[in-house]
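Peer 1: Next input, structure requested:
(one chain, ligands or ions: 1)
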Amino acid sequence: MEPVKIGLLGLGTVGGGTVSILTRNAHEIARRVRRIIRITHAAAIDYNPELIEGIGQIEKISDDAFVVVEDPEVDIIIELIGGYSPAKELVLKAIENGKHVVTANKALIALHGNEIFAAAQRRGVTVAFEAGIAGGIPIIKSMREGLAANQIEWIAGIINGTGNYILTEMRDKGRDFDDVLKEAQALGYAEADPTFDVEGIDAGHKLTILSSIAFGMPLQFDKTYTEGIGKIEQQDVLYAGELGYRIKHLGITRKTAKGIEQRVHPTLIPERRLIANVDGVMNAVLVMGDAVGSTLYYGAGAGSEPTASAVVADIIDVVRSLATNPENRVPHLAFQPNALSDINILPMEDTETAYYLRMHAIDEPGVLAEVTRILGDSGISIEAILQKEPAIDASFVPIIFLTQRIKEKNMNDAIANIEQLDVIDGEVMRIRMETLE
Ligand code: HSE
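Peer 2: Model (predicted):
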């Protein structure tokens, strides 16, 4: 049988890993798919051939990616350039030319996936994107196929390795935020624009995709709430620990009676949960299904070969389905395209969580009463209060409140009122809390 011919766009961290795996494991892969997979044409401008095992097997390397998507010999395009443009134009052109596409580009899928999938469906080709979400963890495969019997209730995931690495180093070694971020960049984990990692945008892209696959709705990144980890201080990490919690940067999506919550933010979670112990650059996704209960998926969320592992698995999937009727392939968003429903995604003000609040108050009688009155007036029930020693020479004492679940709007009002009090210094720090039960 003719070999399957691959056009590879990008020979960076993930592209290099993809070439290495296809070379090293060629025999095993051929045993799985009964076809030889060959990279016949690649496009790259800046790459280090010495770092890529098997680069000599690529028949042709161009510096123009459009030449590769126009190559009539190529059956499958692997897009590993990243970013929105020209990635979008390249992918749409590949589809127009009748080529299947494998991509690790979560930003592209989260923002333009609806248009890309519609084009692919019209042309009868597949766009596979496992490598975009949680690196080497086969979470898309698990959700679209392994959990297909279930109604998904909620998902909570640590889906950005860089952010998790920063929070872990802050907790374990008391290191500074900026210092750890620089290290993550040097290790090749961070996005080209590292604000995507620390501001939760990258996790927001991934959550948008997971949410659509969970609930069968079009991709809506613009409705995903994202909040970064930049405001987390060493003292919050410490107090959370004293109270039996860890702070993780979570992507959470949940189906409620009023609509879908779709949010990324730092979150306190009980330290006894398995996911609370996922450290460093590792990722984990916790999925709650009505039939299966909770299932947890864990693995490397970034890095060359872990991400390339997902790219190659997608290539294998596409090769296996080459001879199948497009109607019988697994739908891009898990549900049949004409069965996707426009479920309401709730604005952040309408979502409900419990909260950790830290404020600095004058240490005198009646202060706690004033704060608790404001919380009570907003319908907020207190779960625990912790008053810490003031720092030497400081006239304010840190006070920490844990609250029960309440609508975000009520909490916003309460915080605004607390910050108005003369006895409170500066802003109130708010971190949302989830029990993940
Ligand atoms: N920058 C991403 C992360 C890479 O840190 O998780 C994988 O998507």
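Peer 1: Distance check, the residue nearest to Ile76 when sequence neighbours are not counted against Leu322.
Peer 2: Once flanking residues are discounted, Ile76 sits nearest to His100: 4.7 Å by C-beta to C-beta, 6 or more residues apart in numbering. For the C-beta atoms, the positions are set from N, CA and C on the backbone; glycine is no exception. Note on His100: its distance to Leu322, by C-beta to C-beta, to the nearest Å, is 8 Å.
Peer 1: Which one's more surrounded, the two?
Peer 2: His100 (27 against 13; other C-beta atoms under 10 Å).
Peer 1: Now the more buried one. Its backbone dihedrals?
Peer 2: Here is the backbone geometry of His100 (degrees, to the nearest 10): phi -80, psi 160.
Peer 1: Quick check: Ile315 vs His112, distance?
Peer 2: 22 Å.
Peer 1: no, scratch that, I was asking about Pro194
Peer 2: 23 Å.
Peer 1: Can you give me the neighbour number for Gln185?
Peer 2: 15.
Peer 1: Next: Gly259.
Peer 2: 16.
Peer 1: Report the beta-bridge partner residues of it.
Peer 2: Thr256 (DSSP bridges).
Peer 1: more neighbours, Pro194 and His112?
Peer 2: Between Pro194 and His112, counted using other C-beta under 10 Å, His112 has the larger neighbour count: 20 against 17.
Peer 1: Which helix or strand contains that one?
Peer 2: helix 106-123 (DSSP states H and E).
Peer 1: Give me the residues contacting that helix.
Peer 2: Residues outside helix 106-123 that contact it (C-beta atoms under 8 Å, 6 or more residues apart in numbering): 79, 82-84, 87-88, 91-92, 95-96, 98, 101, 103, 126-127, 129, 132-133, 196, 202, 204-206, 208-209, 212, 218-219, 221, 326, 332-333, 337.
Peer 1: which residues of the stretch 151-300 of the chain fall in strands?
Peer 2: Secondary structure of the stretch 151-300 of the chain (DSSP state E, counting those that start in this stretch): strands at 152-158, 225-226, 245-256, 259-270, 282-289, 293-300.
Peer 1: Ok, which of those strands comes nearest the ligand?
Peer 2: strand 282-289 (6.8 Å; C-beta to the nearest ligand atom).
Peer 1: between the strands of the stretch 151-300 of the chain, which gets nearest to Ala354?
Peer 2: strand 259-270 (8.2 Å; C-beta to C-beta).
Peer 1: distance between the closest one and the chain's centre?
Peer 2: 12 Å (C-alpha atoms, centre = their mean, to the nearest Å).
Peer 1: repeat for stretch 349-364
Peer 2: Once both centres are worked out by C-alpha atoms, centre = their mean, stretch 349-364 turns out to sit 27 Å from its chain's centre.
Peer 1: Can you list the buried residues in that stretch?
Peer 2: 351-361 (16 or more other C-beta atoms under 10 Å).
Peer 1: Over to stretch 414-425?
Peer 2: Applying 16+ other C-beta under 10 Å to stretch 414-425 flags 414-415, 417-418, 423-424 as buried.
Peer 1: repeat for stretch 40-58
Peer 2: Neighbour-count burial for stretch 40-58 [16+ other C-beta under 10 Å]: 40-44, 47, 52, 54-55, 58.
Peer 1: Dump these to CSV, plus distance to Pro347, pLDDT and secondary structure.
Peer 2: What follows is those, written out as CSV (distance: C-beta to C-beta, whole Å; pLDDT from 0 to 100; DSSP: H, G, I helix; E, B strand; the rest coil):
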residue, distance to Pro347, pLDDT, secondary structure
Thr40, 49, 97, strand
His41, 46, 98, strand
Ala42, 44, 98, strand
Ala43, 42, 97, strand
Ala44, 43, 95, coil
Tyr47, 44, 85, coil
Ile52, 46, 88, coil
Gly54, 49, 87, coil
Ile55, 49, 92, helix
Ile58, 48, 95, coil
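Peer 1: domains of this protein?
Peer 2: Taking automatic domain parsing as the criterion, the chain consists of the domains 4-128, 139-300, 349-433.
Peer 1: for the record, mean pLDDT for the last one?
Peer 2: It refers to domain 349-433. What domain 349-433 shows for mean pLDDT is 95.
Peer 1: and the helix holding His112, which residues are buried?
Peer 2: Per 16+ other C-beta under 10 Å, helix 106-123 contains these buried residues: 106-114, 116-117, 119-121, 123.
Peer 1: so, if you compare the residues you listed, which one comes nearest to Asp64?
Peer 2: Nearest member of these to Asp64, counting by C-beta to C-beta, is Leu108, at 19.2 Å.
Peer 1: From Ile275, how far off is the closest residue in space to Gly157 that isn't next to it in sequence?
Peer 2: Closest residue to Gly157 apart from its sequence neighbours, by C-beta to C-beta, 6+ apart: Val285 at 3.9 Å. Using C-beta to C-beta, Val285 is found at 9 Å from Ile275.
Peer 1: tell me, what's touching those two both at once?
Peer 2: Joint contacts of Val285 and Ile275 (C-beta under 8 Å, 6+ apart) are 156, 158, 296.
Peer 1: count of neighbours near the first one?
Peer 2: I take that to be Ala156. Ala156 has 25 nearby residues by other C-beta under 10 Å.
Peer 1: who's in contact with it?
Peer 2: The neighbours of Ala156, taking C-beta under 8 Å, 6+ apart as the test, are 250-252, 267, 275, 285-286, 434, 436.
Peer 1: run the last query once more with 6 Å
Peer 2: 250, 252, 286, 436 (C-beta atoms under 6 Å, 6 or more residues apart in numbering).
Peer 1: Please name the bridge partners of it.
Peer 2: Here Ala156, judged by DSSP bridges, has bridge partners Ile252, Leu286.
Peer 1: so what's it scoring on pLDDT?
Peer 2: 98.
Peer 1: I'd guess Val397 is in a helix, am I close?
Peer 2: No - counting by DSSP: H, G, I helix; E, B strand; the rest coil, Val397 is located in no helix; its state is strand.
Peer 1: And it, how far from the ligand?
Peer 2: To the ligand, Val397 is 37 Å away according to C-beta to the nearest ligand atom, to the nearest Å.
Peer 1: Next, the nearest residue to Gly299 once chain neighbours are set aside: secondary structure please.
Peer 2: Ranked by C-beta to C-beta, 6+ apart and with sequence neighbours excluded, the top spatial neighbour of Gly299 is Ile137, at 4.2 Å. Secondary structure, three-state DSSP: Ile137 is coil.
Peer 1: ok, now how distant is Ile137 from the ligand?
Peer 2: 11 Å.
Peer 1: How many residues are close by that residue?
Peer 2: 24.
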